[in-house]
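Undergrad: Let me see the structure of the following:
(one chain, ligands or ions: 2)
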Amino acid sequence: MSEAPLPPLSSTEFTLSASIDVDSYRESYARDGRVRIANFLPAAAARALRDDLLAREDWKQVLNSGAKIFELSRSTRAELAPERATALDDAVYADAREGFQFRYETIRVPDESEARTPHADMLHRFAQWMSGGEALSLLRSVAGERAIAFADCQATAYWPGDFLTGHDDAVAGKNRHAAYVLSLNPIWRIEWGGLLLMHLPQQRVEGLAPSFATLDIFRVGQPHSVSEVSRSAPGPRLSVTGWLRSR
Ligand SMILES: O=C(O)CCC(=O)C(=O)O
Ligand SMILES: [Fe+2]
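TA: Ligands and ions are numbered 1, 2, ... in the order given. Predicted coordinates for the structure are as follows:
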């Protein structure tokens, strides 16, 4: 297998934490198909990214109705008549009873490097950093997939009541090798929900609670879900997430 060239590094504001032991993460990933890398980013960088994302107003709520996906800006939602908003909530929970269903807020970054304007916003810069240099080289090593060429990227905020039901991330034509989730929650009680649940045989699950500056990586093709964030959560479950892809 030939190694795709590493795209140039476009930003120096993100760095890898010094403590990452690539070999042990590579072994865990090869064995289990998933791994949690603690302290993936230095705390200051993770904190800056979190603050930047929380200050943004261009979040869109995304939800599906069967195969259709709807996107609602915050201003659109604010203008919804209360009966419409309740009907929408009811439909989301009714459809979640049996089918594939999700609802959360997102800010997306374009997949193409040219569209990720250098120095546009912090999330774009993070996506570019993940798609080149030391970060991409680490991700390729841990996943054992030299064909990985870039990280696609979106920020997600799961507010109380938000969730994502079981699925396996495999989409034809997207060339996804592994999913990643950078968790940006300095304080999170497990009881607040929003757990990344890996669905195992016999109704067993392995749950990964939101955390801070950790990177979860898991191989595409494994059933998983995000459990509903509870009404006791004081704020959103904030992450930056996407897939490690080849072109
Ligand atoms: O946010 C997470 O922990 C995982 C999200 C996920 O599974 C997805 O977006 O496909
Ligand atoms: Fe997923």
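Undergrad: In this protein, what residue lies closest to ligand 1?
TA: L196 (3.7 Å; Cβ to the nearest ligand atom). For the C-beta atoms, the positions are set from N, CA and C on the backbone; glycine is no exception.
Undergrad: give me the beta-bridge partners of that residue?
TA: Counting by DSSP bridges, L196 is bridged to L208, V226.
Undergrad: That one reaches V205, doesn't it?
TA: No - taking contacts as Cβ atoms under 8 Å, L196 lies outside contact range of V205: 9.9 Å.
Undergrad: So the two - more neighbours on which side?
TA: L196 (25 against 14; other Cβ atoms under 10 Å).
Undergrad: and that one, what does it touch?
TA: Shown in contact with L196 (Cβ atoms under 8 Å, 6 or more residues apart in numbering): 181, 207-208, 216, 224-226.
Undergrad: Compile these into TSV and extend it with columns for pLDDT, neighbour count and distance to P234.
TA: Output for the contacts of L196, formatted as TSV (pLDDT from 0 to 100; neighbours: other Cβ atoms under 10 Å; distance: Cβ to Cβ, whole Å):
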residue	pLDDT	neighbour count	distance to P234
V181	98	21	20
G207	98	11	20
L208	98	18	20
D216	98	21	22
H224	98	20	25
S225	98	18	23
V226	98	25	18
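Undergrad: among these, which are in reach of ligand 1?
TA: Applying Cβ under 6 Å from any ligand atom to these, one finds that 181, 224, 226 fall near ligand 1.
Undergrad: Redo those residues as JSON lines? Include distance to K68.
TA: Formatted as JSON lines, the ones next to ligand 1 among the contacts of L196 follow (distance: Cβ to Cβ, whole Å):
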{"residue": "V181", "distance to K68": "25"}
{"residue": "H224", "distance to K68": "23"}
{"residue": "V226", "distance to K68": "20"}
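Undergrad: So which of those residues is the closest to Y104?
TA: Nearest to Y104 among the ones next to ligand 1 among the contacts of L196: V226, at 7.8 Å, using Cβ to Cβ.
Undergrad: wouldn't the closest one be in contact with G166 here?
TA: No - counting by Cβ under 8 Å, V226 stays clear of G166, with 9.7 Å between them.
Undergrad: and the longest helix anywhere in the chain, average pLDDT?
TA: For the chain, the longest helix by residue count, based on DSSP state H, is helix 82-96. For helix 82-96, the mean pLDDT works out to 96.
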